[in-house]
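Engineer: Next comes the sequence, and after it the predicted model I'd like to discuss.
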Amino acid sequence: MKKLNAISLVKLVLIVITLNIVFAIIPSKVLAQQSGVNFQVFYNELHPYGQWIEDFNHGYIWIPSAGPDFVPYLSNGHWLLTDYGWMWASDYDWGWAPFHYGRWDYNNFYGWYWVPDNEWGPSWVTWRMSEGFFGWAPMRPGVSINITFGKYYDLPFDRWVFVRDRDIERRDIGRNFIDRKNNRQMINRSTVIDKTYYDDKRRSTYVSGPEREIVEKKTGKTVKPIAVYERDRPGQSLNNDQLQIYRPRVEKNGGKDKPAPTEISKLRDVKRPLQRETLKNPANVERSRNNNVDSQRPTQASTPNKIDIKSRDYQPIKATNNEKDIRKIKPAEMQKVNLPSDKRNNRAVSPAKNLERSKTEYKEVRAAKPENIPTPKVNNTVNQQSKARAVNPTRSNNKEQPAKSSQNEDKKENRKR
C-alpha cells in the first residue's frame with residue numbers, strides 16, 4: 001500500500017509539472033504568432049478613416065476624419081473597468097488602435113492628431129480627482145508615466161475633461177461633462193491619481209485610474225470588471241460583459257524595409273478642424289455587424305450637455321425624435337440655416353433666443369446701398385450760389401487795393417509841394 005501511495009504521488013507531481021509546462025508554452029506560441037505585426041497595420045487600417053501626413057517632430061502622424069468636435073477619450077465612447085484598470089471602449093471602427101497604442105496631441109493647425117507607438121494599454125491618459133469629480137487628459141507623445149505623476153508635468157487647461165464622480169460609467173459621457181471654462185478651477189483643487197497596474201505578459205505598466213472601491217462608494221452600486229479577450233483581426237466588440245479587441249504585439253519601426261503609409265497627404269491638403277466633416281462611409285472598408293462596441297448607440301457625436309459646477313443637482317437633457325440639437329452657427333452660415341417647421345400648425349418655429357446674430361451680416365446690411373429710392377430734386381440756383389460762395393477771390397482783391405491807395409497818396413503829396 002505504501003508503494004502504491006508513493007507511485008500515485010509521483011504521478012500526481014508529474015502531471016502537475018506537465019500542465020505547468022503546457023500552460024507556459026501556449027502563451028509563448030500565441031505571442032510568437034503575433035510577432036510579425038509592425039506599424040504597417042496602423043498605416044493600412046487607419047488610412048480610410050483619416051489622413052497620414054509627415055511631421056517634422058514625430059514622423060508619420062494620423063489626423064482622423066471625425067468632425068470638428070472630435071476630442072480623444074471623450075467623443076463616441078465610454079469607460080469600462082477591467083483587470084488592467086479603466087479602459088476606453090470606443091464606438092469608432094478604428095478605435096482599437098489610436099486609443100490603446102500611441103499618444104494624442106493637439107496642434108493649432110492640425111487639431112487633434114495621433115502618433116503611433118508599439119506599446120498596448122487600456123488607455124493612455126493621466127487621471128485627476130477632487131471632491132465630487134474625476135478628470136483625465138491624453139498623455140503627450142514621448143512622455144513616460146512617471147513624469148505625468150510629477151508636479152512639473154503641465155498640460156493646457158483645455159486638454160482636460162472633468163465629470164461628476166457618479167457619472168464615470170455613463171455610456172453617454174461625451175454629452176455630460178463639466179464646462180471647460182471651469183477647468184482651471186478644477187485642476188487647482190484636484191490631485192493626480194498615481195495608481196498603476198503592471199502587466200506580466202506584456203511587461204508594461206498602465207495607469208489604472210480611480211480605484212474600484214472609491215467609484216462604488218460614489219456611484220452607490222457595485223462595479224463589475226469587464227473581461228478582455230484577444231481578437232484575431234482589427235476591431236473591437238462588447239457582448240455579454242466581455243470585450244474582444246485586437247491588440248497584437250507590434251514591432252518597432254526599423255531595418256531596411258521601414259513601414260510607411262501607402263498615401264501621404266500634403267500639408268496644403270489638410271483641412272482645418274472647423275472645416276472637416278465626419279466620414280460616415282469610408283471607401284474600401286467592409287464593416288461587420290458586430291464591429292462596433294455597442295451597435296445600439298449612435299455613430300455620430302451629439303452636442304454635449306455642459307454642466308455648470310455651481311449646480312449640485314442636474315437632469316441631463318434627453319432629445320426627442322422631433323427635436324434637433326441647436327449648435328453655434330458661424331456667421332458665414334447664418335443664411336443657409338433652415339428653421340424647423342411645425343407640421344401640425346403649418347407654421348415656422350421661431351428661432352431660439354440665445355442664437356447669436358452674425359456681426360458681419362449686420363455690418364453688411366448697414367453698409368448696403370439703398371435701392372428703389374427716388375433721388376430728391378435739387379434747386380440749381382442754390383447749387384450755383386453755393387459754388388460761387390466756394391470761390392475765394394477776396395484775398396487777391398485786398399492785395400491790389402493797398403497798391404492803388406499808395407499812388408493817390410503820392411499825388412496829394414506832390415500837389416502840396
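Structural biologist: Right, received. Where do you want to start? Residues are numbered from 1 along each chain as shown.
Engineer: Low-confidence stretches in the stretch 251-400 of the chain?
Structural biologist: Residues of the stretch 251-400 of the chain that meet the criterion pLDDT under 70 lie in 254-256, 278-400.
Engineer: repeat that with 80
Structural biologist: 253-257, 273-400 (pLDDT under 80).
Engineer: For the strand ranked longest in the chain, list the C-alpha coordinates in PDB.
Structural biologist: Across the chain, the longest stretch assigned as strand under DSSP state E is strand 111-120. Presented in PDB, the C-alpha positions along strand 111-120 are these (Å, rounded to 0.1, in the frame of the first residue of the first chain):
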ATOM      1  CA  GLY A 111      -6.200  69.900 -34.500                       C
ATOM      2  CA  TRP A 112      -6.000  66.500 -32.700                       C
ATOM      3  CA  TYR A 113      -3.600  64.100 -34.200                       C
ATOM      4  CA  TRP A 114      -2.300  60.700 -33.300                       C
ATOM      5  CA  VAL A 115       1.400  59.500 -33.100                       C
ATOM      6  CA  PRO A 116       1.700  55.700 -33.400                       C
ATOM      7  CA  ASP A 117       3.600  53.500 -30.900                       C
ATOM      8  CA  ASN A 118       4.100  49.800 -30.300                       C
ATOM      9  CA  GLU A 119       3.000  49.500 -26.700                       C
ATOM     10  CA  TRP A 120      -0.600  48.500 -25.900                       C
END
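Engineer: Just the residues contacting that strand, thanks.
Structural biologist: With contacts defined as CB atoms under 8 Å, 6 or more residues apart in numbering, strand 111-120 is touched by 39, 42, 55, 58-64, 68, 70-72, 98, 100-107, 141, 202, 204, 247, 249-252, 272-273, 276. C-beta coordinates here come from the backbone N, C-alpha and C atoms, glycine included.
Engineer: again, only using 6 Å
Structural biologist: 39, 42, 58, 61-63, 72, 98, 100-104, 106, 141, 204, 247, 250, 252, 273 (CB atoms under 6 Å, 6 or more residues apart in numbering).
Engineer: Now do that strand, average pLDDT.
Structural biologist: The pLDDT scores in strand 111-120 average 96.
Engineer: and the next element down the chain from it?
Structural biologist: Once the chain leaves strand 111-120, the next helix or strand it forms, by DSSP states H and E, is strand 125-130.
Engineer: partner strands of whichever helix or strand comes after that following strand, parallel or antiparallel?
Structural biologist: Sequence-wise, the next helix or strand downstream of strand 125-130 (DSSP H and E) is strand 133-138. The pairing partners recorded for strand 133-138 under DSSP bridges are strand 125-130 (antiparallel), strand 161-164 (antiparallel).
Engineer: still on that earlier bit, out of the contacts of strand 111-120, which are inside helices?
Structural biologist: Phe42 (DSSP state H).
Engineer: Using neighbour counts, give me the buried entries of the contacts of strand 111-120.
Structural biologist: When neighbours are counted using 16 or more other CB atoms under 10 Å, the contacts of strand 111-120 contain these buried positions: 39, 42, 58, 61-63, 72, 98, 100-104, 106, 141, 247, 250, 273.
Engineer: still on that earlier bit, compile the strands paired with strand 133-138 into CSV and extend it with columns for mean neighbour count.
Structural biologist: Output for these, formatted as CSV (neighbours: other CB atoms under 10 Å):
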stretch, mean neighbour count
strand 125-130, 21
strand 161-164, 22
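Engineer: I'd like to know which of these lies nearest to Asn176.
Structural biologist: Checking the strands paired with strand 133-138 against Asn176 by CB to CB gives strand 161-164 as the closest, at 6.7 Å.
Engineer: C-terminal to the closest one, what's the next element?
Structural biologist: strand 176-178.
Engineer: Tell me if I'm right that Tyr153 and Ser144 touch.
Structural biologist: No - using CB atoms under 6 Å, Tyr153 makes no contact with Ser144, being 9.8 Å away.
Engineer: which one of the two has more residues nearby?
Structural biologist: Tyr153 (15 against 10; other CB atoms under 10 Å).
Engineer: which ones are touching that one?
Structural biologist: If you count contacts by CB under 6 Å, 6+ apart, then Tyr153 has Ile147 around it.
Engineer: try it again with 8 Å
Structural biologist: Applying CB under 8 Å, 6+ apart to Tyr153 gives the contacts Thr126, Val143, Ile147.
Engineer: got the contact list for the closest residue to the first one other than its chain neighbours?
Structural biologist: What it means is Thr126. Leaving aside its chain neighbours, Thr126 sits nearest to Thr148 (4.2 Å; criterion: CB to CB, 6 or more residues apart in numbering). Thr148 sits next to Thr126, Met139, Val192, Val207 when contact means CB under 8 Å, 6+ apart.
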